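Asks: A structural model of the following input is requested.
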Amino acid sequence: PAEAVPWGLRVAAESTWRLLLLGAALYVVFYVVDMLRLVAFSVLASLLIAALLEPSVSWLRRRGVPRSLAAGGVFLSGLAGIGLVGWFVVWQVSTNLPDVTNQVKTGVNQLRDWMVTGPLHLTQQQITDFANQITKAITTNTDQLTSASITGAQIAVEVLTALLMTFFTTFFFLYDGAKIWNWALRGLPRHSRFAMAGAGPKAWTTLTAYVRGTVCVAFIDALCIGIGVDLLGVPLAMPLAVIIFLGAFVPLVGALITGTVAVLIALVTQGPWTALMVLVVLVAVMQVESHILQPLILGRAVRVHPLGVVLGVAAGGIIGGIGGAVVAVPLIAVINTVVTHLRRRNEAGQAVFTALEAAREAAERTAAPHPARPEPVTE
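Replies: Modelled structure (predicted):
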């Protein structure tokens, strides 16, 4: 009966059930990760931060600094840097908030006048009715807003817990990263340890290069857009630059999405013309990033096609939200590095095995006895 089934159909059927089995395994993995989302994102964020700080720890270790002091000093320095950035953003926002509020009020009034006198030709009564409808919708959905505020409080608690867990895990990655990796290798089958022991350092090198390159690209994006926004007279230029810097950790689309905040602030404070100029600056910087910065800085480290980056960011955002979008590309880059290393190792092993078999066969042919020559026939 098996011979009666066409060969192509048998191949398709066996491939299908293997793909279904693989899909079921991936579903279970994603389900477990979703259940432990807080722990998973904390560990992934710790790996990214450790990849950024670990070269400094290694540099201090080479200078004779003890491991505990090197890890603790670099960790506290990074924590202090994050705290200073947060304080600076809060200080800038609180200092410029009154002026921005007045400018927003003026911009809203100008927008209302434009809606009346502009091409829309709306009446004042229509605008008032629209505002009343918004107010009524807010008052009638008080319960939903209250539940949303409770959900927001729960999210705030989860974020605080994730931050504490991330700081704790980052320190131990910096302090005992090699021991943690060796402990993880002992959990693998014996025949797989040597292969993964070689793939681990390559994956870590890729992750370190990715984080360094991403920080460099994000800094250039934030600097250029921040300077352009400041020259156009848009308020809160420095906080906007910090927001764009954080958003640029999502490749190709992060800085563009966070940069729309600057466009909106320019629209309500300076008018549509300034908002259009901010949009031009934003698009120009994005073009420089995608055509110059990404290939030169991240191209060698990531080695992932831009289409794969975009699809990975989209899939990560669907699965894990903002955190998933941030960790999607480094995860793809690390998996690509590990798979490439294992494939090359397998090919090299096959080549060595083939060479040894050829040498063995040649030795056997050389060692084989020659057949005896026949005696000459005489009359």
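
Asks: from here on, just use CA atoms for contacts and neighbour counts.
Replies: Noted.

Asks: so what's the gap between stretch 286-300 and the chain middle?
Replies: Between the centre of stretch 286-300 and the centre of its host chain there is 16 Å, according to C-alpha atoms, centre = their mean, to the nearest Å.

Asks: wait, I meant stretch 201-215
Replies: Here the centre of stretch 201-215 is set off from its chain's centre by 11 Å, with C-alpha atoms, centre = their mean.

Asks: what does it contact?
Replies: The contact list for stretch 201-215, computed with C-alpha atoms under 8 Å, 6 or more residues apart in numbering, reads 48, 51-52, 248-249, 251, 297-298, 301-302, 330, 333-335, 337-338.

Asks: apply 7 Å and report the result again.
Replies: When contacts are defined by C-alpha atoms under 7 Å, 6 or more residues apart in numbering, stretch 201-215 is touched by residues 48, 51-52, 249, 297-298, 301-302, 330, 334, 337-338.

Asks: among those, which two are most distant?
Replies: Pairwise distances across the contacts of stretch 201-215 peak at 22.5 Å for 249 and 338 (criterion: C-alpha to C-alpha).

Asks: how does the protein divide into domains?
Replies: Domain segmentation of the chain under automatic domain parsing yields 14-175, 195-361.

Asks: comparing those by mean pLDDT, which bottoms out?
Replies: Lowest mean pLDDT within the domains of the chain: domain 14-175, at a mean of 76.

Asks: for the longest helix anywhere in the chain, packing partners?
Replies: Longest helix in the chain, counting residues (DSSP state H): helix 306-367. For helix 306-367, the packing partners by 3 or more C-alpha pairs under 7 Å, 6 or more residues apart in numbering; DSSP states H and E come out as helix 190-231.

Asks: now the helix it packs on: how far from the chain's centre is it?
Replies: When C-alpha coordinates are averaged (C-alpha atoms, centre = their mean), helix 190-231 and its chain have centres 9 Å apart.

Asks: which element follows that helix toward the C-terminus?
Replies: helix 237-247 (DSSP states H and E).

Asks: and stretch 223-234, what's buried?
Replies: By neighbour count with 16 or more other C-alpha atoms under 10 Å, stretch 223-234 contains the buried residues 223-226, 228-230, 232, 234.

Asks: before we move on, what about stretch 75-90?
Replies: 75, 89.

Asks: angle of the helix or strand encompassing residue 164 against helix 190-231?
Replies: Element membership of residue 164 [criterion: DSSP H and E] is helix 142-186. Angle of helix 142-186 versus helix 190-231, following axes from the mean of the first three to the mean of the last three C-alpha atoms, to 10 degrees, is 140 degrees.

Asks: helices and strands around helix 142-186, which ones?
Replies: Helix 142-186 packs on helix 37-62, helix 67-117, going by 3+ C-alpha pairs under 7 Å, 6+ apart.

Asks: and that helix, how far from the chain's centre?
Replies: Offset of helix 142-186 from its chain centre (C-alpha atoms, centre = their mean): 17 Å.

Asks: what of stretch 23-36?
Replies: For stretch 23-36, the gap between its own C-alpha mean and the chain's C-alpha mean amounts to 19 Å (C-alpha atoms, centre = their mean).

Asks: residues touching that stretch, excluding its own?
Replies: With C-alpha under 7 Å, 6+ apart as the test, stretch 23-36 has contacts from residue 40.

Asks: export only the CA atoms of that stretch, formatted as PDB.
Replies: Provided in PDB are the C-alpha atoms of stretch 23-36 (Å, rounded to 0.1, in the frame of the first residue of the first chain):
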ATOM      1  CA  GLY A  23       4.700  24.200  15.400                       C
ATOM      2  CA  ALA A  24       3.200  22.600  18.400                       C
ATOM      3  CA  ALA A  25       6.600  22.700  20.200                       C
ATOM      4  CA  LEU A  26       7.000  26.400  19.400                       C
ATOM      5  CA  TYR A  27       3.400  27.100  20.600                       C
ATOM      6  CA  VAL A  28       4.200  25.500  23.900                       C
ATOM      7  CA  VAL A  29       7.400  27.500  24.200                       C
ATOM      8  CA  PHE A  30       5.600  30.800  23.400                       C
ATOM      9  CA  TYR A  31       2.800  29.800  25.900                       C
ATOM     10  CA  VAL A  32       5.300  29.300  28.700                       C
ATOM     11  CA  VAL A  33       7.200  32.500  27.800                       C
ATOM     12  CA  ASP A  34       3.800  34.400  27.900                       C
ATOM     13  CA  MET A  35       3.000  32.900  31.300                       C
ATOM     14  CA  LEU A  36       6.500  33.900  32.500                       C
END
